[in-house]
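Q: Structure for the following, please:
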Amino acid sequence: MRILIALLLSFATVAHAENPGLMSGLISAPITLPVRMFGKDLTLDGYVVRPDRPGRFPLVIMTHGTPRGWDDAFFRNIAKRTPTAFNTPAVALAQRGYATLSVMRRGFGLSGGSYSEELLRPCDYLAAERIAADDIIVAMAAARREPWVDPDHILLLGHSTGGLTMLAVAERNPAGVVGVLNFDGGYHAMAKPDEACSPDRLVGTVASLGRTARVPALWLYAENDRSYGPELAHRMIAAYTAGGAPAQLQILPPFGTDGHDLIIGAAAETWLTVAEPFLAELKLPTAVTIDLPEPAPLPTPTGLSPDCQRAFASYVAIRSDFKAFAIDDKGACGLAPASRTATEARDRSVAECKSNTSGTACHVYAVGQRTTEN
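A: Numbering: from 1, shown residues only. Next comes the predicted model:
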């Protein structure tokens, strides 16, 4: 069914980061995409990271996965989602001359509308992903109007259900889209953690998407992905390419205890070195052109628990001015790794700290790469 989507002519202006310390040379800021879908006005929650200089840049549109479960906690979880979860790959790509736009689909984060991707029948992945693709098509149409976007060089990047979403976008072969990066694409069972609801239906879904898709795609799956391991990934891409879709699969080394979230949690170099030949074939940039300043030293708080010591080490390495770390006086902590603003980061870190304590007070220790105790 053809869906008529009208876009408002205005598109929120991206502002400079409040404190450009760690991101000097880049612009990073939240963005709101006003759209009209199905006769209703709503906004989609987004975040932009791009070079801080004039010009039009190849655009990378990113979209997220879906949490597990199907209860009240599920809806609280999707409401807490933030487009800055893609901060690590966004920064690395922006350093190479891309503009990146992370988009939250309807019902996720601060995006308007209600959650629309519920499986109408068990394992009916195809219908759900085509619904999700509508949101990306809308966001892309709006972004192509921006003066900093090269509308003829758009790369789609999706993680988990977001990976399948981008394949559903590619099914339509939209103008300007030159490639797809599918990270651990799949769709889990709502009630059964760590397994696809029906692997055969998942294979059938990508087979359907591959019948008309002609956008080159690179699929990247971690060797230790607990949801969609190498055997299933090979079955899926064989089905996808059987219909004529151009795609290749790369199995990445294990990451942590579950490689499913590699694109979110691993250093960008983990996958960029594998993706560079694909990007080069698409005549997209691969070389770093923006060197970011080295982070200032940040002293570790005293008295942290071992888990919080590891969390703080992770915090220090994160490239974001909008991050915060909160502590209490008994070794507990809370980490907000990447938020839309510094204020949001502070609030989220304190809330996370309080959830890890037994009633003791928490306070913000650091925001960005500076302590609050100086």
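Q: all strands for the stretch 251-374 of the chain, in order.
A: All strands of the stretch 251-374 of the chain, identified by DSSP state E, counting those that start in this stretch, fall at 324-327, 333-336, 363-367, 370-371.
Q: Between the ones you listed, which one is closest to A247.
A: Of all the strands of the stretch 251-374 of the chain, it is strand 333-336 that lies closest to A247, at 36.0 Å by CB to CB. No exception for glycine: its C-beta is placed from N, CA and C like everyone else's.
Q: got the CA coordinates for the closest one in PDB?
A: Presented in PDB, the C-alpha positions along strand 333-336 are these (Å, rounded to 0.1, in the frame of the first residue of the first chain):
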ATOM      1  CA  CYS A 333      28.100   4.700  40.800                       C
ATOM      2  CA  GLY A 334      25.900   5.600  37.800                       C
ATOM      3  CA  LEU A 335      27.100   6.100  34.300                       C
ATOM      4  CA  ALA A 336      25.300   8.100  31.600                       C
END
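Q: Number of residues surrounding V48?
A: If you count neighbours by other CB atoms under 10 Å, V48 ends up with 24.
Q: same question, F278
A: Other residues lying near F278 total 20 when counted by other CB under 10 Å.
Q: Report pLDDT for it.
A: With respect to pLDDT, F278 scores 98.
Q: can you list the strands of the stretch 251-374 of the chain in CSV and add mean neighbour count?
A: Output for the strands of the stretch 251-374 of the chain, formatted as CSV (neighbours: other CB atoms under 10 Å):
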stretch, mean neighbour count
strand 324-327, 29
strand 333-336, 24
strand 363-367, 21
strand 370-371, 14
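Q: closest to I154 out of those strands?
A: With CB to CB as the criterion, I154 lies closest to strand 333-336 of these, at 30.2 Å.
Q: for that closest one, packing partners?
A: Packed against strand 333-336 by the contact rule (3 or more CB pairs under 8 Å, 6 or more residues apart in numbering; DSSP states H and E) you find helix 306-317, strand 324-327, helix 342-355.
Q: now L156: how far from C353?
A: The spacing between L156 and C353, counted by CB to CB, to the nearest Å, is 36 Å.
Q: swap in T82?
A: Distance from T82 to C353, by CB to CB: 18 Å.
Q: How about A342?
A: 17 Å.
Q: So for these two, which residue has more residues nearby?
A: Neighbour tally, A342 and C353, criterion other CB under 10 Å: the higher count belongs to C353, 26 against 19.
Q: So the more buried one is in contact with D328, correct?
A: Yes - assessed by CB atoms under 8 Å, C353 is found in contact with D328 at 6.1 Å.
Q: what touches both of these two?
A: The contact sets of C353 and D328 overlap at C362 (CB atoms under 8 Å, 6 or more residues apart in numbering).
Q: Point out the most buried one among the helices and strands packed on strand 333-336.
A: strand 324-327 (a mean of 29; mean count of other CB atoms under 10 Å).
Q: so for that strand, what's the average pLDDT?
A: Here the average pLDDT along strand 324-327 is 96.
Q: And for stretch 176-194?
A: Mean predicted lDDT for stretch 176-194 stands at 82.
Q: on that earlier part again, please render the strands of the stretch 251-374 of the chain as CSV that adds distance to R144 to the earlier fields.
A: Output for these, formatted as CSV (distance: least, CB to CB, whole Å):
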stretch, distance to R144
strand 324-327, 34
strand 333-336, 32
strand 363-367, 35
strand 370-371, 37
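Q: Quick check: which of those strands is nearest to G112?
A: That would be strand 333-336 among those, by CB to CB, at 23.5 Å.
Q: can you give me the strands for the stretch 51-200 of the chain?
A: Per DSSP E, counting those that start in this stretch, the stretch 51-200 of the chain carries strands over the ranges 57-63, 99-103, 149-159, 177-183.
Q: just those strands: most buried one?
A: Comparing those by mean neighbour count (mean count of other CB under 10 Å), strand 99-103 comes out on top with a mean of 27.
Q: Convert the C-alpha atoms of it to PDB, please.
A: C-alpha atoms of strand 99-103 as PDB (Å, rounded to 0.1, in the frame of the first residue of the first chain):
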ATOM      1  CA  ALA A  99      27.400  13.800   8.600                       C
ATOM      2  CA  THR A 100      25.600  11.200  10.800                       C
ATOM      3  CA  LEU A 101      21.900  11.300  11.900                       C
ATOM      4  CA  SER A 102      20.700   8.800  14.500                       C
ATOM      5  CA  VAL A 103      17.000   8.400  14.400                       C
END
